[in-house]
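Undergrad: fold the following.
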Amino acid sequence: MAPTNALKALCLSSALFASFGYCGQVINAVWSSTAFNTISGPSGSETSYGEGFALIKDDGTEIWSTKEIDGGTGCMGIGDGTIFSLTDGCFEGEFRFKCKSAFDGHPKDCSVLDKFANEINSGIGGVDTSFIGISIGQDGHCGTSFELKDGVECGEGTTGFTVKRLLN
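TA: Take a look at the predicted model:
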């Protein structure tokens, strides 16, 4: 008995949409920034800015974080943004992380790449703004996730990552 057209379509769509990714632990990559400005303070106008990058488990546990990437920012608004690689630590292999910021310095878009620069997953940034009297505070973020190989696990406070800036 020959398969029906519906069965053929089901088999074909299953083959086309099958995942070829890893089947391991899901890791969240998060770029963040914060800015605060006031037009009046004890010594006049005051401004502050900070940023960082973190790897976080699905349960919210921090695996690894840093304020700087290889001596510079983890998210830049020039050209294609910032790209850096992480190897060693708890990874078996290399992952690349890309982030481009908006004009104000907050993350605009971000992605995780494989070692050949193929995109694994991406995210779109967001900014939360708070007005406090005569001051303004902004918190920016962009996040995405990726999977490790089956059997590879990253735990809280993992050390030993090798960081290499590849662009900007």
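
Undergrad: buried residues, stretch 25-41. List them.
TA: 25, 27-36, 38 (16 or more other C-beta atoms under 10 Å). No exception for glycine: its C-beta is placed from N, CA and C like everyone else's.

Undergrad: next step: those residues restricted to strands.
TA: 27-36, 38 (DSSP state E).

Undergrad: residues contacting stretch 101-108, please?
TA: Under the criterion C-beta atoms under 8 Å, 6 or more residues apart in numbering, residues 31-33, 35, 49, 51, 75-77, 81, 99-100, 124-125, 127, 138, 140-142 lie in contact with stretch 101-108.

Undergrad: could you do stretch 155-164 as well?
TA: Here stretch 155-164 makes contact (C-beta under 8 Å, 6+ apart) with 55, 57, 61-64, 66, 69-70, 84-91.

Undergrad: looking at those, which are in helices?
TA: Among the contacts of stretch 155-164, none falls in helices (DSSP state H).

Undergrad: mind giving me the PyMOL command for buried ones among the residues you listed?
TA: Remark: buried members of the contacts of stretch 155-164, expressed as a PyMOL selection using 16+ other C-beta under 10 Å:
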select buried, resi 55+57+63+64+69+84+85+86+87+89+90+91
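
Undergrad: filter the contacts of stretch 155-164 down to the ones in strands?
TA: Using DSSP E, the members of the contacts of stretch 155-164 that fall within strands are 55, 57, 62-64, 66, 84-88.

Undergrad: redo the buried residues of stretch 25-41 as CSV? Include pLDDT and distance to F95.
TA: Output for the buried residues of stretch 25-41, formatted as CSV (pLDDT from 0 to 100; distance: C-beta to C-beta, whole Å):
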residue, pLDDT, distance to F95
Q25, 96, 13
I27, 98, 9
N28, 98, 13
A29, 98, 8
V30, 98, 14
W31, 98, 14
S32, 98, 19
S33, 96, 21
T34, 95, 25
A35, 94, 28
F36, 91, 32
T38, 90, 39
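
Undergrad: make CSV out of those and add distance to C110.
TA: Shown next, in CSV, are the buried residues of stretch 25-41 (distance: C-beta to C-beta, whole Å):
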residue, distance to C110
Q25, 20
I27, 14
N28, 11
A29, 7
V30, 9
W31, 5
S32, 11
S33, 12
T34, 16
A35, 18
F36, 23
T38, 29
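
Undergrad: widest-spaced pair of these?
TA: Q25 and T38 (42.3 Å; C-beta to C-beta).

Undergrad: look at F53 and tell me its secondary structure.
TA: Of the three states, F53 takes strand under DSSP: H, G, I helix; E, B strand; the rest coil.
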